[in-house]
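Visitor: quick one, what's the 3D model for this:
(one chain, ligands or ions: 3)
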Amino acid sequence: MERKDILVPEEELNRQRDFQTKIKDQFAARQAHPLACLETFGCQQNVADGQRLMGMLEACGFAFTGEPREADLVILNTCAIREHAEQRVFGNLGILTHSKRENPEQVIALCGCMAQEERVTRRVRESYRHVDLVFGPQALWKFPELLWQVYETKKRVFSVADEHGTIAEGIPVVRERGVKAWVSIMYGCNNFCSYCIVPYVRGRERSREPAAVLEEVRQLVEAGYKDITLLGQNVNSYGNDLDADYHFPDLLADIDRIPGDYWVRFMSSHPKDATPRLFDVMAASRHVARQLHLPFQSGNNRVLQAMNRRYTREKYLDLIRCAREAMPGLVLTSDVIIGFPGETEAEAMDTVSLVDEVGFDALFTFIFSPRPGTKAAELPDPASREEKQKWFDRLLEVQNARSAALHAAYVGKTVRVLVDGESEDEDYPLSSRTEGNRLVRLRGDQSLIGQFLEVRITGSNTWALYGEPL
Ligand code: SAM
Ligand code: SF4
Ligand code: F3S
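Guide: Numbers count the residues shown, from 1 in each chain. Ligands and ions are numbered 1, 2, ... in the order given. Have a look, this model is predicted:
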């Protein structure tokens, strides 16, 4: 698709705004706002989409509730990454038959990554007849029009065509209050890792124009957001589809020039496209956090090849070396899959040994879950669940020991943190983050929320640090 066809034209966006007005007018005779209940599952990309949905809902006149029973509109914004995520959504959909029975006027919508899977939409069409509206991530910007169609036709609406995907700027966003904000810099994925459903449900890679991203970050900083995360399935391929020769390190360097007191982070970074230039730009920046989420998935070269990751264990270790040379003290996190089809115990232990060798600050660990439609779901998978669980437990043991030791090394040190909210711990009632995004539970009162502080670390465990403001 040509670049000019990727940007949704202003007239189209205005049409959507007209639908927002129509929906608002429809509820105008009511005393109170109609209520929407939105539940988002999955990754930050989906959370960011949920915030755009809330923006459009607000423009349609809706207020929000967490209680599906009192809602005029219930939306499940779903995730398809693992089977368990899907089962939860089907469970929730089942429960919604009750609220619909009590209130037949209630509209129920399913969106997000699951909604883009043919297998899922077929099941919803046939067995979940109380669902009125189904739309995939590529149709998100058309939500006002789709919702209007439901109200006007009183028929079920499905917008789930397998699309390349577009970019719609200027959609309103309702953000969480506080200091953290998400900014999608690109959408979709072209990588087709053999286990992963994302490229099938989120369309092809498309980068927002640099000026649009820069303006959004500038506005967020001006509005007081202090911890901004740039999102993309692989931010390192940002810019490949732009007309200009402009790439992720260029964007980071330009963002860094925005004045203010804030940190900027990004995720995820694919090792096949991470470069020394990226690390140099990070190292030279004022605002880019010295933190890198660089998913490696497996420490074994045969498995990496079967996963279609397009790098080797050696290349990954070289990258880590290079990143640490550029940024001593860099905080490193990663994603790992155990039990890819055909993986042997020895291959899984290569993953464990890589974890031990690198010493990640934290790890997001998953047991392989077959996703229908992906290549890996077709492969023979002889290892039993029990065996995989044993390898997984070994991985956790090694990682937990690493995290605990790395955290213990903070004790006695003074670090800068951003206080981002309250914690459930009575003795340490505040929650804060270091530049490397490590959780620090803090003593202190609520007036500190939203501030950068120097704190002394007084304790630690595998998952958190404990501290006191200086
Ligand atoms: N785009 C990101 C990347 O490549 O690093 C990852 C996106 S995915 C939302 C987050 C993580 O889920 C992946 O890094 C992978 O570890 C895990 N994942 C993806 N598909 C999976 C599957 N079929 N089974 C288990 N884990 C999976
Ligand atoms: Fe999935 Fe790979 Fe794309 Fe990440 S890069 S979203 S793991 S296909
Ligand atoms: Fe994210 Fe889940 Fe979709 S992890 S991209 S919401 S499949």
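
Visitor: what residues does this protein have near ligand 1?
Guide: Neighbours of ligand 1 within the chain, by CB under 6 Å from any ligand atom: 43, 81-82, 195-196, 198, 233-234, 268, 270, 295, 297, 335, 337, 366, 368-369, 371. Any C-beta I mention is one placed from the backbone N, CA and C, and that applies to glycine too.

Visitor: let's see it at 5 Å
Guide: By CB under 5 Å from any ligand atom, the residues of the chain that approach ligand 1 are 43, 195-196, 233, 268, 295, 335, 337, 366, 368-369, 371.

Visitor: so Ala48 touches Leu231, yeah?
Guide: Yes. In this structure Ala48 lies within contact range of Leu231 using CB atoms under 8 Å: 6.0 Å.

Visitor: quick one: common contacting residues for those two?
Guide: 182-184 (CB atoms under 8 Å, 6 or more residues apart in numbering).

Visitor: and Arg177, how many residues sit next to it?
Guide: Here the number of neighbours of Arg177 (other CB atoms under 10 Å) works out to 9.

Visitor: check the spacing between it and Asp261 real quick.
Guide: Arg177 is 18 Å from Asp261, where distance means CB to CB, to the nearest Å.

Visitor: now for the residue nearest to Lys24 when sequence neighbours are not counted: which residues touch it?
Guide: Spatially, and ignoring its direct neighbours in sequence, Lys24 is nearest to Gly61 (3.7 Å; CB to CB, 6 or more residues apart in numbering). Applying CB under 8 Å, 6+ apart, one finds that Gly61 lies in contact with 23-24, 27-28, 33-34.

Visitor: again, but for Ala326
Guide: Counting by CB under 8 Å, 6+ apart, Ala326 touches 276, 279-280, 282-283.

Visitor: same check on Val157?
Guide: Contact partners of Val157, counting by CB under 8 Å, 6+ apart, are 132-135, 146, 149-150.

Visitor: you'd agree Arg443 is up against Leu430?
Guide: Yes. Between Arg443 and Leu430 a contact is recorded at 7.4 Å, counting by CB under 8 Å.

Visitor: quick one: which of the two has more around it?
Guide: Leu430 (24 against 16).

Visitor: list the beta-bridge partners for that one.
Guide: Listed by DSSP bridges, the beta-bridge partners for Leu430 are Glu422, Leu442.

Visitor: mind listing what the closest residue in space to Ser432 that isn't next to it in sequence touches?
Guide: In space, and not counting its chain neighbours, Ser432 is closest to Val417: 3.9 Å by CB to CB, 6+ apart. Taking CB under 8 Å, 6+ apart, we find Val417 in contact with 432-434, 440, 442, 452-453, 455, 467.

Visitor: next up, phi/psi of the residue nearest to Lys24, please.
Guide: phi 100, psi 0 (degrees, to the nearest 10).

Visitor: now for the closest residue to ligand 3 within the stretch 301-450 of the chain: which residues touch it?
Guide: Ligand 3 sits closest to Arg371 of the stretch 301-450 of the chain, with a gap of 8.9 Å, by CB to the nearest ligand atom. Contact analysis of Arg371 by CB under 8 Å, 6+ apart lists 80-83, 195-197, 377.

Visitor: same check, this time on Asp243
Guide: Asp243 touches Arg3, counting by CB under 8 Å, 6+ apart.

Visitor: can you get me a residue count around the nearest residue to Gly232 once chain neighbours are set aside?
Guide: Distance criterion CB to CB, 6+ apart; nearest residue to Gly232, sequence neighbours excluded, is Met186 at 4.0 Å. Neighbour count for Met186, taken as other CB under 10 Å: 26.

Visitor: hey, what's Met186 bridged with?
Guide: Under DSSP bridges, the beta-bridge partners of Met186 are Ser207.

Visitor: so what pLDDT did it get?
Guide: The predicted structure scores Met186 at 98 on the pLDDT scale.

Visitor: farthest pair within the contacts of Val157?
Guide: Val134 and Gln149 (12.0 Å; CB to CB).

Visitor: those two: who's more crowded?
Guide: Neighbours were counted for Val134 and for Gln149 using other CB under 10 Å; Val134 has more, 24 against 18.

Visitor: single out the residue in the stretch 351-470 of the chain that lies closest to ligand 2.
Guide: Going by CB to the nearest ligand atom, ligand 2 is nearest to Thr374 of the stretch 351-470 of the chain, at 8.9 Å.

Visitor: report the secondary structure state of the residue of the chain most remote from its centre.
Guide: Going by CA atoms, centre = their mean, the residue of the chain most distant from its centre is Ala29, 38.3 Å out. With DSSP: H, G, I helix; E, B strand; the rest coil as the basis, Ala29 sits in coil.

Visitor: okay, the closest residue to Cys79 other than its chain neighbours: pLDDT?
Guide: Leaving aside its sequence neighbours, Cys79 sits nearest to Gly42 (CB to CB, 6+ apart; 2.7 Å). What the model reports for Gly42 is a pLDDT of 96.

Visitor: before I go, just wanted to say thanks for your time.
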